[in-house]
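J.: sequence isn't available, so here's the structure alone:
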Ligand code: SF4
């Protein structure tokens with residue numbers, strides 16, 4: 001059997017060629033994008049905080065290897081998880097025992113015949129199963145980090161209405177024996193600012209230093225230091241880059257003063273109709289992937305390239321405001337077999353589950 005995760009489905013939805021490289025060849029970029037790296041780091045931090053405590057999360061963060069590329073990400077993640085813990089320290093929505101990062105498998109049901117697929121198995125990992133504070137029902141909690149606008153009328157929330165990910169998790173939670181009634185999107189907004197390139201250098205008294213063209217400090221007529229620049233007179237303010245601890249402090253202050261900007265939760269029900277439509281969509285997407293696989297097999301029996309079986313979708317090449325990880329491959333300027341750029345990974349690296357040969361389906365209702 002084959003495993004169909006939400007990530008795999010999204011990859012095929014985005015572009016069949018993307019799916020071919022990521023899920024058939026299992027070749028993935030060695031270096032993650034900034035957004036993906038930060039999302040993964042914060043996801044782990046939040047899971048540790050929710051399953052243990054803040055100390056456990058920060059200890060794990062301290063153990064990450066720091067380099068020039070990731071150190072700012074780690075600082076931002078550290079300040080955000082501390083801000084998150086401050087906001088939700090008395091959270092009435094508590095995770096169920098063993099409710100964090102629960103893996104699941106579930107049959108992919110043909111929505112017309114109600115028979116389980118003999119080819120596909122749905123699988124994934126629920127971020128969190130929690131208890132709703134007011135009625136005690138199970139809530140599917142989905143944690144997200146984003147830089148997008150989170151205003152109530154923004155497209156971010158509209159998009160979630162049709163998001164197949166949460167529907168996959170409904171099906172998964174049901175297969176684990178839960179009966180979720182709604183989903184909670186637990187969204188963390190990434191800061192909109194970064195390290196300042198230019199802040200005033202201060203003297204031991206905390207006064208900015210202004211220099212003239214000869215490099216001498218500029219004094220006012222009363223003998224006290226001048227505090228502002230004047231380009232017409234050639235007076236310049238001495239500046240330097242903000243340090244990482246200064247940035248961390250500024251961010252911590254901004255987070256504690258703007259918790260509504262950084263941390264938002266949104267409850268979303270899934271109706272029977274939503275789930276039914278999801279099953280029709282998913283069944284069709286699984287069939288489409290299988291059709292591409294069969295076409296690839298036909299081409300390979302004729303010793304032809306498998307690529308035509310997986311059509312490209314150029315409109316998706318710059319989704320998420322950055323080039324697709326395989327852009328250079330599709331543009332024929334790099335080779336997917338280049339081990340400096342790509343590595344061979346498990347097909348579903350986020351899961352411990354592997355596809356069984358057979359799956360016994362015992363419908364409960
Ligand atoms: S670069 Fe474009 S065509 Fe190529 S895999 Fe990515 S989305 Fe598809």
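T.: Sure, I can see it. As the structure is a prediction and not an experimental result, all values here were calculated from the model. Residues are numbered from 1 along each chain as shown.
J.: can you tell me which residue is nearest the centre of this structure?
T.: Residue closest to the average C-alpha location in the chain (Cα atoms, centre = their mean): residue 39, at 3.8 Å.
J.: flag every buried residue along the lowest-mean-pLDDT helix or strand in the chain.
T.: Within the chain, no helix or strand scores below helix 155-161, which has a mean of 86 by mean pLDDT, DSSP states H and E. Across helix 155-161, burial judged by 16 or more other Cβ atoms under 10 Å covers 156-157, 160. For glycine as for every other residue, the C-beta is placed from the backbone atoms N, C-alpha and C.
J.: what would these look like in a markdown table with distance to residue 202?
T.: Formatted as a markdown table, the buried residues of helix 155-161 follow (distance: Cβ to Cβ, whole Å):
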| residue | distance to residue 202 |
| --- | --- |
| 156 | 40 |
| 157 | 44 |
| 160 | 46 |
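J.: which one among the residues you listed gets closest to the ligand?
T.: Each of the buried residues of helix 155-161 was checked against the ligand using Cβ to the nearest ligand atom; the closest is residue 156, at 22.1 Å.
J.: with adjacent residues omitted, what lies nearest to the closest one?
T.: Here the nearest residue to residue 156 in space, its sequence neighbours aside, is residue 148; by Cβ to Cβ, 6 or more residues apart in numbering that works out to 4.8 Å.
J.: from the ligand, how far out is residue 264?
T.: 30 Å (Cβ to the nearest ligand atom, to the nearest Å).
J.: hang on, isn't that residue packed against residue 184?
T.: No - shown here, residue 264 and residue 184 do not form a contact pair, counting by Cβ atoms under 8 Å, at 10.6 Å.
J.: looking at these two, which is more packed in?
T.: Neighbours per residue, other Cβ atoms under 10 Å: of residue 264 and residue 184, the larger number sits with residue 184, 21 against 18.
J.: before we move on, what SS does the more buried one have?
T.: Taken by DSSP: H, G, I helix; E, B strand; the rest coil, the conformation at residue 184 corresponds to strand.
J.: go on, the one 3 residues further on?
T.: Reduced to three states with three-state DSSP, the structure at residue 187 is strand.
J.: picking up where we left off before, isn't the residue nearest to the centre of the chain up against residue 145?
T.: Yes - in this structure, residue 39 sits in contact with residue 145. The criterion is Cβ under 8 Å, and the distance is 5.0 Å.
J.: tell me the secondary structure at residue 352.
T.: coil.
J.: phi and psi next, for it.
T.: Per-residue torsions, residue 352: phi -90, psi -20 (degrees, to the nearest 10).
J.: number of nearby residues for the residue nearest to residue 156?
T.: 14.
J.: over to residue 116?
T.: Quick note: residue 116 (other Cβ under 10 Å) scores 17 neighbours.
J.: same question, the one 3 residues further on
T.: Each residue near residue 119 was counted by other Cβ under 10 Å, and the total is 14.
J.: state whether it is indeed within a helix.
T.: No - when classified by three-state DSSP, residue 119 is found to be strand rather than part of a helix.
J.: how close does it sit to residue 107?
T.: Going from residue 119 to residue 107 by Cβ to Cβ, to the nearest Å gives 11 Å.
J.: what of residue 21?
T.: With Cβ to Cβ as the criterion, residue 21 and residue 107 are 28 Å apart.
J.: out of these two, which sits in the more crowded spot?
T.: When residue 21 is set against residue 107 and neighbours are counted by other Cβ under 10 Å, the residue ahead is residue 21, at 23 against 20.
J.: next up, the contacts around that one.
T.: 27-28, 326, 329, 336 (Cβ atoms under 8 Å, 6 or more residues apart in numbering).
J.: what about 7 Å?
T.: Residues in contact with residue 21 (Cβ atoms under 7 Å, 6 or more residues apart in numbering) are 27, 326, 329, 336.
J.: can you tell me the closest non-neighbouring residue to it?
T.: residue 326 (5.1 Å).
J.: touching, that neighbour and residue 20? I think so.
T.: No - contact criterion Cβ atoms under 7 Å: residue 326 and residue 20 do not qualify, at 9.1 Å.
J.: between these two, point out the one with more neighbours.
T.: Neighbours per residue (other Cβ under 10 Å) separate residue 326 from residue 20, with residue 20 holding more: 25 against 22.
J.: and the nearest residue to that one once chain neighbours are set aside, what does it touch?
T.: Taking Cβ to Cβ, 6+ apart as the measure, residue 20 lies nearest to residue 310, with 3.8 Å between them; neighbours along the chain are not counted. Neighbour list for residue 310: 16-17, 19-20, 292 [criterion: Cβ under 7 Å, 6+ apart].
J.: adding pLDDT, secondary structure and distance to residue 247, write those residues out as JSON lines.
T.: Rendered in JSON lines, the data for the contacts of residue 310 read as follows (pLDDT from 0 to 100; DSSP: H, G, I helix; E, B strand; the rest coil; distance: Cβ to Cβ, whole Å):
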{"residue": "16", "pLDDT": "98", "secondary structure": "helix", "distance to residue 247": "42"}
{"residue": "17", "pLDDT": "98", "secondary structure": "helix", "distance to residue 247": "40"}
{"residue": "19", "pLDDT": "98", "secondary structure": "helix", "distance to residue 247": "39"}
{"residue": "20", "pLDDT": "98", "secondary structure": "helix", "distance to residue 247": "41"}
{"residue": "292", "pLDDT": "98", "secondary structure": "helix", "distance to residue 247": "47"}
